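Participant: Using only what follows, build the 3D model:
(one chain, ligands or ions: 1)
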Amino acid sequence: MRTPFIGGNWKMNLSLAEAAQFIDEIQTELPPSSEVETVLAASPLFLQTMQEHNHSPLLVAAENCFYEDEGAYTGEVSPKALSEMGIKYSIVGHSERRKYFHETDEIVNKKVHAVYRNHMLPIICCDETMGRYEIGDHISWMVNQVTAAIRGLDADDVKKAVVAYEPSWAIGTGHTAPADAAEEGCYLIRQTIADIYSDQIANQVRILYGGSVNHENIRELMKQPDIDGVLAGKASLTTDEFTKLANFNH
Ligand code: PEP
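Facilitator: Numbers count the residues shown, from 1 in each chain. Below you'll find the predicted structure:
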């Protein structure tokens with residue numbers, strides 16, 4: 001019922017030439033979009049070139065965008081311009097944005113609204129630190145984060161969102177969360193959405209796990225009932241690894 005979603009997030013990696021070469025190389029390696037939705041988020045500087053090279057089911061996405069469409073916001077990425085480029089998804093609220101650029105839940109919520117206003121869909125990232133996990137505060141932390149991110153959305157919009165559970169203790173560390181812990185985080189996100197909207201709405205939302213996913217651990221993660229896909233950082237940087245993720249069920 002929920003199409004699996006395999007997402008990559010390049011962050012501030014690769015050169016423009018490498019980005020183009022990557023897209024050229026994976027053309028024939030990806031499953032059809034009816035089977036798996038494959039999405040690769042990159043710097044706005046790369047998006048046009050990636051799209052020009054892309055003739056495959058891959059969707060090119062933004063890693064971030066601003067909450068205003070236009071105006072005097074030097075250096076920001078306009079969601080309106082992304083939409084004009086034909087971009088369908090933007091990541092919003094990645095833990096690195098929250099940590100290094102001080103994005104609050106309120107800012108994330110404004111960005112989520114900006115994405116919908118511009119006819120795109122958000123990949124909303126929710127993080128969780130080991131400190132919170134250890135003091136047993138992670139459940140209310142996650143519930144609050146999800147609630148704040150989707151505040152004010154119509155049910156019709158919420159059901160099309162993609163939400164990622166990304167414990168920051170697993171991001172970029174090489175230590176993925178055990179499958180049952182990843183499932184617990186994703187289940188919590190789904191329950192939070194169900195409590196605010198309904199089970200029927202929550203059951204349509206695709207929920208991803210992110211944090212040191214690779215071709216060796218993806219199968220176990222994808223077997224979990226509330227994990228509909230993954231968001232991969234490092235593993236999305238090589239064609240070999242990203243292709244294996246996209247073909248996880250073969
Ligand atoms: C990420 O940054 O969203 C991420 C999951 O990174 P990695 O896969 O490298 O842990």
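Participant: if I look at the residue nearest to His138 when sequence neighbours are not counted, how far off is Met142?
Facilitator: Nearest in space to His138, with sequence neighbours left out and distances taken as C-beta to C-beta, 6 or more residues apart in numbering, is Arg132 at 4.5 Å. Where C-beta positions appear, they are placed from N, C-alpha and C, glycine not excepted. For Arg132, the distance to Met142 equals 9 Å [C-beta to C-beta, to the nearest Å].
Participant: same question, Asn217
Facilitator: 21 Å.
Participant: hmm, back to that, touching, the residue nearest to His138 and Trp141? I think so.
Facilitator: Yes: applying C-beta atoms under 8 Å, one finds Arg132 in contact with Trp141, separated by 5.0 Å.
Participant: circling back to that earlier point, quick check: which element contains the residue nearest to His138?
Facilitator: Following DSSP states H and E, one finds Arg132 within helix 130-134.
Participant: buried set for that helix?
Facilitator: Residues Arg132, Tyr133 are the ones in helix 130-134 that count as buried (16 or more other C-beta atoms under 10 Å).
Participant: Check the offset of that helix from the chain's centre.
Facilitator: 22 Å (C-alpha atoms, centre = their mean, to the nearest Å).
Participant: got the CA positions of it in CSV?
Facilitator: C-alpha atoms of helix 130-134 as CSV (Å, rounded to 0.1, in the frame of the first residue of the first chain):
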residue,chain,number,x,y,z
MET,A,130,21.7,9.6,22.7
GLY,A,131,21.5,11.9,25.8
ARG,A,132,17.7,12.1,25.5
TYR,A,133,17.6,8.3,24.9
GLU,A,134,19.6,7.6,28.0
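Participant: following it, which helix or strand comes up?
Facilitator: The helix or strand immediately downstream of helix 130-134 is helix 138-150, counting by DSSP H and E.
Participant: got the buried residues for that following helix?
Facilitator: His138, Trp141, Met142, Val143, Gln145, Val146, Ala148, Ala149, Ile150.
Participant: pLDDT averaged over it - what is it?
Facilitator: What helix 138-150 shows for mean pLDDT is 93.
Participant: ok, now stretch 2-11?
Facilitator: 98.
Participant: can you check stretch 36-46 too?
Facilitator: On average, stretch 36-46 scores 98.
Participant: what does the average pLDDT come to for the helix holding Arg132?
Facilitator: In this model, helix 130-134 has an average pLDDT of 75.
Participant: What lies in contact with it?
Facilitator: His138, Trp141, Pro167, Ser168, Trp169 (C-beta atoms under 8 Å, 6 or more residues apart in numbering).
Participant: can we see that at 7 Å?
Facilitator: Under the contact criterion C-beta atoms under 7 Å, 6 or more residues apart in numbering, helix 130-134 has outside partners His138, Trp141, Trp169.
Participant: Relative to Gly185, which of those residues is nearest.
Facilitator: His138 (8.3 Å; C-beta to C-beta).
Participant: Do I have it right that the closest one meets Glu128?
Facilitator: Yes: under the criterion of C-beta atoms under 7 Å, His138 makes contact with Glu128 at 5.0 Å.
Participant: okay, now whichever residue of the chain sits closest to the ligand: neighbour count?
Facilitator: In the chain, the residue that lies nearest the ligand is Gly233 (2.3 Å; C-beta to the nearest ligand atom). Look at Gly233: counted by other C-beta atoms under 10 Å, it has 22 neighbours.
Participant: Over to the one 3 residues further on?
Facilitator: Burial of Ser236, expressed as a neighbour count using other C-beta under 10 Å, amounts to 27.
Participant: Touching, it and Val39? I think so.
Facilitator: No: counting by C-beta under 7 Å, Ser236 does not reach Val39; the two are 9.7 Å apart.
Participant: Contacts made by the lengthiest helix in the chain with the rest, please.
Facilitator: In the chain, ranked by residue count with DSSP state H as the criterion, the top helix is helix 179-196. Outside helix 179-196, the residues within contact range by C-beta under 7 Å, 6+ apart are 126, 128, 139, 142-143, 146-147, 158, 163, 165, 167, 201-202, 205, 207, 209, 220-221, 224, 226-227.
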